[in-house]
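Enquirer: Got a sequence here, can you model it:
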Amino acid sequence: MEQFQEPAAEQLPLSNEPVFVRAFAHAVSYIFHPLFIALYVIGFLLFIHPLAFAGMEHKLRVFRLLAVLVSTTLLPAFSVFLLWRLEFIRSIFLRTQKERIIPYAIAIIFYFWIWYVFKNLRDSPVAAKEFLLGVFLAVCGAWMTNIFAKVSMHSTAVGGMLTFLVLQAWIDPNVNGTIISIALLITGLVCTARLIVGHHSTKQVYGGLAIGALAQIVAVYFT
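Expert: Sure thing, here's the model as predicted:
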């Protein structure tokens, strides 16, 4: 069988930061991996927000979170693992634009499905529907942008998270300044981490932020 041919990943300048700083940047990148962001936000709405899922039994909340975990984390991750083992991609870290094409397409299917499920559940709050639609649109936007340029998936995810919470703060007093500050801190840490580890340029990070933010804004008007 002909070996998979993949162009070399873009070479970015290596960080001059101390080893412990780079280690911390890697830890931040893993903890706030794009596959986890939707899970974190829905978890916040389910278990921390006092009114989003008011009246729902705890057991049902857990099932809803598990559904998000499967659709937005486990299935996309397993798909990437299979693509790697079948040698359709060289790395599970998806360093190049070409490696991201199929994983993006697969993620679109799973993210559309979970949004569609929440959309048709009567007890799903509007906030959850808006966020999941925004996540789906962000993946679509990143996939289309990937045709022309690589953007940071991490910054796309946290950009969407931050924008969603800012938009909610305008209409929901329960999303207060403390929550926005935490989201802003996480966004800053993740974007800085991606620059420190040398996997993205500043342009790619800002491009991801813009896609994630725009997707959430569009989702508000279509929900």
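
Enquirer: how much space between Phe20 and Leu189?
Expert: Using C-beta to C-beta, to the nearest Å, one gets 15 Å for the distance from Phe20 to Leu189. In this view, the C-beta of every residue, glycine as well, is placed from N, C-alpha and C.

Enquirer: Between these two, tell me which one has more neighbours.
Expert: Neighbour tally, Phe20 and Leu189, criterion other C-beta atoms under 10 Å: the higher count belongs to Leu189, 17 against 8.

Enquirer: Which residue, neighbours along the chain excluded, lies closest to that one?
Expert: Leaving aside its chain neighbours, Leu189 sits nearest to Val28 (5.1 Å; criterion: C-beta to C-beta, 6 or more residues apart in numbering).

Enquirer: With Thr145 instead?
Expert: Closest residue to Thr145 apart from its sequence neighbours, by C-beta to C-beta, 6+ apart: Val151 at 5.5 Å.

Enquirer: Pull out the buried positions in the top helix by length along the chain.
Expert: Identified as the longest helix of the chain according to DSSP state H is helix 97-119. Neighbour-count burial for helix 97-119 flags 97-101, 103-104, 106-108, 110-115, 118 (criterion: 16 or more other C-beta atoms under 10 Å).

Enquirer: who's in contact with it?
Expert: When contacts are defined by C-beta atoms under 8 Å, 6 or more residues apart in numbering, helix 97-119 is touched by residues 6-7, 38, 67-68, 71-72, 75-76, 79-80, 83, 88-91, 94, 124, 128-129, 132-133, 135-136, 139-140, 142-143, 146-147, 149-150, 153.
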